[in-house]
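A.B. asks: Prediction below, plus the sequence it came from.
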Amino acid sequence: METPTMESGAAVKRLLIDGKLVEGEQTFPSRNPATGELVGEAPEATRAQAEAAIEAARRAFDTTDWATDVQARIRSLDRLYDALVEHKEELRELTISEVGATRQLTHGAQLDDPLEIVRFYADLLRTFPMREEIGEVESMGQRHLRWIEKEAGGVVSAILPYNYPNQLALAKLAPALAAGCTVVLKGAPDTPLTTLALGELIAEHTDIPPGVVNVLSSSGTEVGELLTTHPDVDIVSFTGSTETGRRIMAAASRTIKRVFLELGGKSAMILLDDADVDATAMFAAFGICVHAGQGCALTSRLLVPRARHDEIAAKVAAAMGKVRYGDPTHPKTYMGPLISEKQRDKVDGMVKRAVEAGATLVTGGEKAEPGFHYAPTLLSNVDPDSEIAQDEVFGPVLAVIPYEDDDDAVRIANSTIYGLSGTVFSRDQERAIALARRIRSGTFSINGGNYFGANAPFGGYKQSGIGREMGVQGLEEFLQIKTFAAPVV
Ligand code: NAD
């Protein structure tokens, strides 16, 4: 990717509007969260540029054959996959420096795994039935043949959070493009360059037609508000906080857009009384430290039998001591920084308030320099109704909550506004599965089972969201259904 640079050598990335890479009149900085240093500058998209992006997406949808030419879309997705693979190492270095993702994590969920989402949808499109027969009916003395055709849903606004920009961009872009939609993609204010790099790659190394994919960056909310209210947008696909999701749902209601929301979580890890404590303590400690706790589906509450609370808390604390954290560029680093000083202050404030509310700080609760690192933190004796047990922290902070019996564990697990994920550990797998069925969440892991993959639908119950990303269901979100009938002749 040939990107202009500033005198300091930092990158200045460009927007993608109607097939052209364009600079912004103004830019805003993106900082390396591990050092605080400047990574580069992102364009501050103006309202006029955002409108131009939406108009280009509308034009490409209404006046080209993108929405109807399935074979062309398969070729474009194949090419996009190849381009991503060819430029993977450039994306890796940017993802490490801008997002604070560890090198280890870029070999999984932060980069390498998400590329397979593009492969999955290219392959799915080769066989996915766009037509379905629903049988004949008799009406007014005439037989009528009826069938369903699946059509592209229209212009999509795709809005990203900061934490997994590659995964979340591709989980929206690939199925939207497979469905025949056109897209305006907006990166997050804290990690805009990684998303702009995807736009540059599409412009320079794929044959995706002008206007089909547009990529914007902005440090404020005006562009996002336009993307969720503009009458030319048909679908909003949003990933971010529940608070912003509420605002978006309300904003999009005026024009009755289809709104898909992937929001926050407060998932529970439940240790049943027969669980292997040593193995699960490692799982709990290392699990909450993935990407420094900045993951929507991480299990941030550990529910344990009251009688074994102290023993388990001590083992989890010991396991947390083995988490190697710091410089994300180092291949052995397991946990990198939080995204910003603001996020670190938020996490630290919640930990301090938890202690004031009666929780025990077993380990952590400290900032580390340079950059925005925060030590793996364990709080025990946490009240299930307290702020730290109810609200999303988005940091490496695990709350240990004692329960009385299995029913009590289910009640506590279901007691937040969220319903994204969770996990249960028991030596009796059938008992664990039976308990998992009682938890209201969109994904669930039994004894450490890994559900994640391009073909696995992911999404939330309750205020964790609406809809499913990835899998066949992820494609269907971007399709409209038209029912046809014609007399049998
Ligand atoms: P955020 O809600 O602050 O911002 C997300 C995006 O929304 C950003 O691009 C932001 O610019 C934009 N935005 C803000 N206000 C807007 C408005 N009024 N209209 C339109 N767009 C607006 O989220 P964040 O802090 O970047 O990300 C962290 C959150 O994302 C966490 O709550 C996390 O759980 C959630 N998340 C959910 C999933 C999931 O799949 N469920 C995945 C990753 C992250």
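C.D. replies: Right, received. Where do you want to start?
A.B. asks: near the ligand, which residues of the protein?
C.D. replies: Residues of the chain lying close to the ligand (C-beta under 6 Å from any ligand atom) are 159-164, 186, 188-189, 221, 224-225, 228, 239-241, 244, 247-248, 262-265, 296, 392, 394, 420, 460, 465. Just so you know, the C-beta spots here come from the backbone N, C-alpha and C atoms, and that holds for glycine as well.
A.B. asks: How far does stretch 378-393 sit from its chain's centre?
C.D. replies: Taking the mean C-alpha point of stretch 378-393 and that of its whole chain, the gap between them comes to 23 Å (C-alpha atoms, centre = their mean, to the nearest Å).
A.B. asks: Can you pull the domain assignment for this protein?
C.D. replies: 11-263+465-485, 267-452 (automatic domain parsing).
A.B. asks: Same list, the ones you listed, but as JSON lines with mean neighbour count and mean pLDDT please.
C.D. replies: As requested, those are exported to JSON lines (neighbours: other C-beta atoms under 10 Å; pLDDT from 0 to 100):
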{"stretch": "domain 11-263+465-485", "mean neighbour count": "20", "mean pLDDT": "98"}
{"stretch": "domain 267-452", "mean neighbour count": "20", "mean pLDDT": "98"}
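A.B. asks: Return the set of buried residues in stretch 452-467.
C.D. replies: The neighbour-count criterion (16 or more other C-beta atoms under 10 Å) identifies 454, 457-467 as the buried residues of stretch 452-467.
A.B. asks: Same list, the residues you listed, but as JSON lines with secondary structure and distance to Tyr403 please.
C.D. replies: Converted to JSON lines, the buried residues of stretch 452-467 look like this (DSSP: H, G, I helix; E, B strand; the rest coil; distance: C-beta to C-beta, whole Å):
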{"residue": "Ala454", "secondary structure": "coil", "distance to Tyr403": "35"}
{"residue": "Pro457", "secondary structure": "coil", "distance to Tyr403": "29"}
{"residue": "Phe458", "secondary structure": "strand", "distance to Tyr403": "27"}
{"residue": "Gly459", "secondary structure": "coil", "distance to Tyr403": "27"}
{"residue": "Gly460", "secondary structure": "coil", "distance to Tyr403": "23"}
{"residue": "Tyr461", "secondary structure": "coil", "distance to Tyr403": "21"}
{"residue": "Lys462", "secondary structure": "helix", "distance to Tyr403": "20"}
{"residue": "Gln463", "secondary structure": "helix", "distance to Tyr403": "23"}
{"residue": "Ser464", "secondary structure": "helix", "distance to Tyr403": "22"}
{"residue": "Gly465", "secondary structure": "strand", "distance to Tyr403": "26"}
{"residue": "Ile466", "secondary structure": "strand", "distance to Tyr403": "30"}
{"residue": "Gly467", "secondary structure": "coil", "distance to Tyr403": "31"}
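A.B. asks: can you tell me which residues contact the spatially most central residue of the chain?
C.D. replies: For the chain, the residue sitting closest to the mean C-alpha position, by C-alpha atoms, centre = their mean, is Leu168 at 4.4 Å. For Leu168, the contact set (C-beta atoms under 8 Å, 6 or more residues apart in numbering) comprises 160-161, 239, 262.
A.B. asks: Also Gly326?
C.D. replies: By C-beta under 8 Å, 6+ apart, Gly326 lies in contact with 34, 333, 335-336, 368, 373.
A.B. asks: Which two among those residues are spaced furthest apart?
C.D. replies: Thr333 and Ala368 (12.4 Å; C-beta to C-beta).
A.B. asks: list residues touching both of the two?
C.D. replies: 325-326.
A.B. asks: Just give the nearest non-adjacent residue to Glu469, would you?
C.D. replies: Spatial nearest neighbour of Glu469, excluding adjacent residues (C-beta to C-beta, 6 or more residues apart in numbering): Ala171 at 4.7 Å.
A.B. asks: for Lys352, phi and psi?
C.D. replies: phi -60, psi -40 (degrees, to the nearest 10).
A.B. asks: Same check on Leu303?
C.D. replies: Leu303 adopts backbone torsions of phi -100, psi 120, taken as degrees, to the nearest 10.
A.B. asks: Likewise for Ile439?
C.D. replies: phi -90, psi 130.
A.B. asks: my read: it touches Val410, true?
C.D. replies: Yes - the criterion here is C-beta atoms under 8 Å, and Ile439 meets it with Val410 at 6.7 Å.
A.B. asks: out of everything not next to it in sequence, what's closest to Gly295?
C.D. replies: Gly295 sits nearest to Asn163 (C-beta to C-beta, 6+ apart), 6.6 Å away.
A.B. asks: same deal with Ser441?
C.D. replies: Excluding the flanking residues, the one nearest Ser441 by C-beta to C-beta, 6+ apart is Gly419, at 4.4 Å.
A.B. asks: roughly how far apart are that neighbour and the ligand?
C.D. replies: Distance of Gly419 to the ligand, given as C-beta to the nearest ligand atom, to the nearest Å: 11 Å.
A.B. asks: Check Arg47 too.
C.D. replies: Shown here: Arg47 relative to the ligand, a distance of 14 Å by C-beta to the nearest ligand atom.
A.B. asks: Isn't that residue up against Thr221?
C.D. replies: No - judged on C-beta under 8 Å, Arg47 makes no contact with Thr221 at a distance of 11.9 Å.
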